[in-house]
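Student: Compute the structure for the input listed below.
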Amino acid sequence: MKTRSMAALTAILVVAPLIAVGPGPQAAARPRPGGPARSAESTLVGGIDLDTVTIPELQTRMDRGSLSSVRLTLAYLRRIKAVDPKINAVLRTSPTALAQAAASDIRHRLGRTRGPLDGIPVLLKDNVNTRDMPTTAGSLALAGKPPATDAELVAKLRAGGAVILGKANLSEWANFRAAKPTSGWSAVGGQTRNPYVLDRNPCGSSAGSAAALAASLAQVAIGTETDGSIVCPAGMNAVVGLKPSLGVVSQSGVVPISAEQDTAGPMARNVIDTALTLSVLGGGDPAPGLAEAAARPGALRGKRIGLWRLPVLGAEVDALMARTAERLRAAGAEVVEVDLPYQDRLAALEFPALLSEFHRDIDAYLATRKGPRDLAGLIEFNRAHPQEQTCFAGQELFEQALAAPPTTDPEYRAMRAELADLSRRSIDEVMTEHGLDAIASPANPPAWTTDCGRGDNDVIPSSTPAAVAGYPSLSVPAGFVGELPVGLLLMAGNHQDADLLSLGAAVEHRLDGRRAPRYLPTLPTG
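Tutor: Residues are numbered from 1 along each chain as shown. Predicted structure coming up:
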């Protein structure tokens with residue numbers, strides 16, 4: 001197609017839905033005959049429910065011509081405008097989102113789609129470089145000129161035809177700044193709230209990605225994790241989050257904490273969308289038939305799952321885990337209780353190692369950006385800018401990292417080697433001893449109240465073994481403690497991502513542990 005005609009068709013595809021979907025004030029005020037008025041906050045668009053629809057269902061409709069990417073993208077943009085003020089999860093939307101969607105619609109009409117994400121709106125955590133939007137890690141220090149290039153994972157999303165919808169808020173510097181941070185707060189974006197109960201916390205540094213998905217503000221989102229920052233927010237917001245095996249998704253162009261543990265990963269409202277997004281990010285199998293296989297009777301029969309109960313997360317969570325085990329057993333799975341060894345030693349070694357790695361890796365990243373050129377400059381920036389201190393003033397982790405031994409130090413090298421050995425053994429030995437397909441544990445406690453003065457109230461040991469080992473872990477909704485979601489964390493051996501997703505889809509189908517949020521202001525006292 002000639003350039004001029006392609007541009008003209010793009011313009012038509014962008015403008016036409018704005019005319020067709022955006023009626024005048026009088027038309028918008030009148031309900032259609034035989035049906036209720038559709039609220040701007042509705043999750044219904046073109047006969048589908050955004051809260052429950054999957055990517056394969058959307059692609060089928062777009063291939064048939066009964067849905068366009070422009071209409072889908074516009075629906076999400078409208079929901080962001082109507083709903084996000086309640087939860088403050090989206091920092092900005094892309095000014096080119098509708099043009100990206102229009103280009104996808106052309107590819108669908110010509111039969112030239114690029115894969116499962118073509119035309120699908122995706123939100124990015126704002127520590128993932130984008131050449132056309134600021135990438136801040138939540139800090140005013142990076143709030144100026146955008147990076148020169150996209151992160152490699154963004155380039156893969158664009159090549160796959162995904163619509164980059166915008167950037168999600170996060171815990172500033174991915175929660176690696178203060179000794180007592182408040183998850184979901186950044187100087188750039190303020191505080192993200194949990195959509196289920198608005199005065200409760202969304203958990204972890206991928207807070208905005210998870211909260212936006214819970215509120216159906218995008219089809220999928222990208223989070224990042226060093227230890228818990230995908231799987232905890234997924235659990236606490238009743239969505240699905242995968243921390244892939246280390247190296248499956250490129251970290252090039254992502255604001256770092258530690259190259260030894262960092263990974264970006266897909267988040268969605270269901271496992272199939274998570275798997276399809278991973279296939280684009282990592283270039284693997286697009287998981288054909290995953291949803292059908294998960295729904296097949298007997299999909300869990302004969303699967304062996306080790307339950308690491310972690311009663312430290314409270315009696316209500318433990319009771320939910322007991323009920324979860326019984327539901328999995330009723331579906332034919334064998335569930336045995338296990339305990340993971342070496343956890344105290346991992347807890348003692350992980351933080352000192354991360355301090356050395358952060359100093360090395362953040363200095364390398366800052367050298368590529370406008371603003372402070374290294375960690376020392378970043379510390380001085382925070383001291384000089386009161387806006388960086390409006391929720392919590394501390395930057396103790398920055399200061400400790402500045403003083404930490406370099407990664408060439410023999411003591412550091414011994415720590416990281418021991419961490420790698422013990423974390424892998426903690427999973428491998430238990431799985432081998434019990435012949436397991438996966439280890440399961442609670443992903444999170446019920447959400448705590450957000451309080452800048454107190455900071456987070458999180459004691460969540462379940463994410464650490466897989467995070468330190470570089471093994472995959474997957475959080476799927478398990479159910480609720482009252483109004484507050486709890487996830488089931490599944491972990492498996494190195495590069496068993498596909499097997500873990502297949503098992504997770506079957507578990508998700510059996511538990512059916514998600515429901516849409518109600519945006520309650522608070523919980524009743526008592």
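
Student: C-alpha only now, for contacts and for neighbours.
Tutor: OK.

Student: how much space between Ser475 and Asp497?
Tutor: Distance check for Ser475 against Asp497: by Cα to Cα, to the nearest Å, it reads 13 Å.

Student: where does the stretch 401-526 of the chain have low pLDDT?
Tutor: 526 (pLDDT under 70).

Student: what about Ser475 and Asp497, which has more around it?
Tutor: A side-by-side neighbour count of Ser475 and Asp497, using other Cα atoms under 10 Å, places Ser475 first with 34 against 23.

Student: what secondary structure does the more buried one sit in?
Tutor: Here Ser475 is recorded as strand under DSSP: H, G, I helix; E, B strand; the rest coil.

Student: How many residues are close by the residue lying closest to it once chain neighbours are set aside?
Tutor: Nearest residue to Ser475, sequence neighbours excluded (Cα to Cα, 6 or more residues apart in numbering): Leu489, at 4.4 Å. Neighbour count of Leu489, defined by other Cα under 10 Å: 30.

Student: does Leu489 count as helix, strand or coil?
Tutor: strand.

Student: which residues does it contact?
Tutor: 231, 440-443, 462-463, 473-476 (Cα atoms under 8 Å, 6 or more residues apart in numbering).

Student: which among those gets closest to Ile48?
Tutor: Val476 (22.8 Å; Cα to Cα).

Student: is it true that Asp428 touches Gly493?
Tutor: Yes - under the criterion of Cα atoms under 8 Å, Asp428 makes contact with Gly493 at 6.6 Å.

Student: Low-confidence stretches in the stretch 101-250 of the chain?
Tutor: For the stretch 101-250 of the chain (pLDDT under 70), the answer is none.

Student: can you map out the strands along it?
Tutor: Listed in chain order, the strands found in the stretch 101-250 of the chain under DSSP state E, counting those that start in this stretch are 121-125, 163-168, 185-186, 190-191, 220-225, 240-243.

Student: Adjacent strands (with direction) for the fourth one?
Tutor: Within its sheet, and counting by DSSP bridges, strand 190-191 is paired with strand 185-186 (antiparallel).

Student: Figure out how far the strand it pairs with is from the centre of its chain.
Tutor: The chain centre lies 16 Å from the centre of strand 185-186; the measure is Cα atoms, centre = their mean, to the nearest Å.

Student: So Lys86 versus Glu41, what's the distance?
Tutor: Using Cα to Cα, we find Lys86 at a distance of 11 Å from Glu41.

Student: same question, Gly47
Tutor: Using Cα to Cα, one gets 15 Å for the distance from Gly47 to Glu41.

Student: and the residue nearest to Gly253 when sequence neighbours are not counted, how far is that from Val197?
Tutor: Computed as Cα to Cα, 6+ apart, the closest residue to Gly253 that is not its neighbour in sequence is Ala151, at 4.0 Å. Distance from Ala151 to Val197, counting by Cα to Cα: 34 Å.

Student: Tell me how many other residues crowd the closest residue to Pro146 other than its chain neighbours.
Tutor: Excluding its sequence neighbours, the residue lying closest to Pro146 (Cα to Cα, 6+ apart) is Pro134, at 4.3 Å. Residues contacting Pro134 under the criterion other Cα under 10 Å number 20.

Student: With Arg304 instead?
Tutor: When neighbours are counted by other Cα under 10 Å, Arg304 registers 20.

Student: picking up where we left off before, the residue nearest to Ser475 bridge partners, please.
Tutor: Here Leu489, judged by DSSP bridges, has bridge partners Ser441, Ser475.

Student: Next, find the distance separating it from Ser186.
Tutor: 27 Å.

Student: same check, this time on Leu74
Tutor: 27 Å.

Student: and the residue nearest to Leu375 when sequence neighbours are not counted, what are its phi and psi?
Tutor: By the measure of Cα to Cα, 6+ apart, the closest residue to Leu375 outside its immediate chain neighbours is Asp363, 5.9 Å from it. Per-residue torsions, Asp363: phi -60, psi -40 (degrees, to the nearest 10).

Student: looking at it, Asp363 is touching Arg373, isn't it?
Tutor: Yes - between Asp363 and Arg373 there is a contact at 7.0 Å, judged by Cα under 8 Å.

Student: how about low-confidence regions in the stretch 251-400 of the chain?
Tutor: Residues of the stretch 251-400 of the chain meeting the criterion pLDDT under 70: 285-289, 291, 293.

Student: can you give me the strands for the stretch 401-526 of the chain?
Tutor: 438-442, 473-481, 484-491.

Student: which stretch among these comes nearest Gly298?
Tutor: strand 438-442 (17.2 Å).

Student: Now do that closest one against strand 473-481, angle only.
Tutor: Put simply, strand 438-442 runs at 40 degrees to strand 473-481, going by axes from the mean of the first three to the mean of the last three Cα atoms, to 10 degrees.

Student: count of neighbours near Gly144?
Tutor: Count around Gly144 with other Cα under 10 Å applied: 14.

Student: try Gly190
Tutor: For Gly190, the count of nearby residues is 19 (other Cα under 10 Å).

Student: again, but for Val45
Tutor: 16.

Student: And for it, nearest residue in space, chain neighbours not counted?
Tutor: In this structure, Val45 finds its nearest non-sequential neighbour in Ala75, 6.9 Å apart by Cα to Cα, 6+ apart.

Student: Tell me how far that neighbour lies from Ser69.
Tutor: According to Cα to Cα, Ala75 and Ser69 sit 10 Å apart.

Student: what about Leu402, neighbour count?
Tutor: If you count neighbours by other Cα under 10 Å, Leu402 ends up with 19.

Student: who's in contact with the closest residue to it other than its chain neighbours?
Tutor: Distances taken as Cα to Cα, 6+ apart put His359 closest to Leu402, at 6.2 Å, once the chain neighbours are dropped. Neighbouring residues of His359 by Cα under 8 Å, 6+ apart: 375, 401-402, 404, 406.

Student: would a markdown table of the contacts of Leu489 with distance to Lys156 be doable?
Tutor: Below are the contacts of Leu489 laid out as a markdown table (distance: Cα to Cα, whole Å):
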| residue | distance to Lys156 |
| --- | --- |
| Val231 | 23 |
| Ala440 | 31 |
| Ser441 | 32 |
| Pro442 | 32 |
| Ala443 | 29 |
| Ser462 | 31 |
| Ser463 | 27 |
| Ser473 | 22 |
| Leu474 | 22 |
| Ser475 | 24 |
| Val476 | 25 |
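
Student: Drop anything exposed from those residues.
Tutor: Buried members of the contacts of Leu489, scored by 16 or more other Cα atoms under 10 Å, are 231, 440-443, 462-463, 473-476.

Student: and which of these is nearest to Gln387?
Tutor: Among the buried ones among the contacts of Leu489, Val231 lies closest to Gln387 (Cα to Cα), at 29.3 Å.

Student: Tell me who's in contact with the closest one.
Tutor: For Val231, the contact set (Cα under 8 Å, 6+ apart) comprises 240-243, 443, 463, 473-475, 489.

Student: Could you do Gly306 as well?
Tutor: Here Gly306 is in contact with 335-338, 431, 434, 436, 438-440 (criterion: Cα under 8 Å, 6+ apart).

Student: for it, helix, strand, or coil?
Tutor: Once three-state DSSP is applied, Gly306 turns out strand.

Student: Against Thr464, how distant is it?
Tutor: For Gly306, the distance to Thr464 equals 16 Å [Cα to Cα].

Student: can you dump the C-alpha coordinates of stretch 339-353 into PDB?
Tutor: Output in PDB follows, covering the C-alpha atoms of stretch 339-353 (Å, rounded to 0.1, in the frame of the first residue of the first chain):
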ATOM      1  CA  ASP A 339       9.000 -26.700  54.400                       C
ATOM      2  CA  LEU A 340      11.800 -24.900  52.400                       C
ATOM      3  CA  PRO A 341      15.300 -25.100  54.000                       C
ATOM      4  CA  TYR A 342      18.000 -22.400  54.200                       C
ATOM      5  CA  GLN A 343      15.500 -19.400  54.500                       C
ATOM      6  CA  ASP A 344      17.200 -17.800  57.500                       C
ATOM      7  CA  ARG A 345      20.600 -17.800  55.700                       C
ATOM      8  CA  LEU A 346      19.100 -16.400  52.500                       C
ATOM      9  CA  ALA A 347      17.500 -13.600  54.500                       C
ATOM     10  CA  ALA A 348      20.800 -12.800  56.100                       C
ATOM     11  CA  LEU A 349      22.800 -12.700  52.800                       C
ATOM     12  CA  GLU A 350      20.400 -11.200  50.200                       C
ATOM     13  CA  PHE A 351      20.200  -7.600  51.300                       C
ATOM     14  CA  PRO A 352      24.000  -7.000  51.700                       C
ATOM     15  CA  ALA A 353      24.600  -8.500  48.200                       C
END
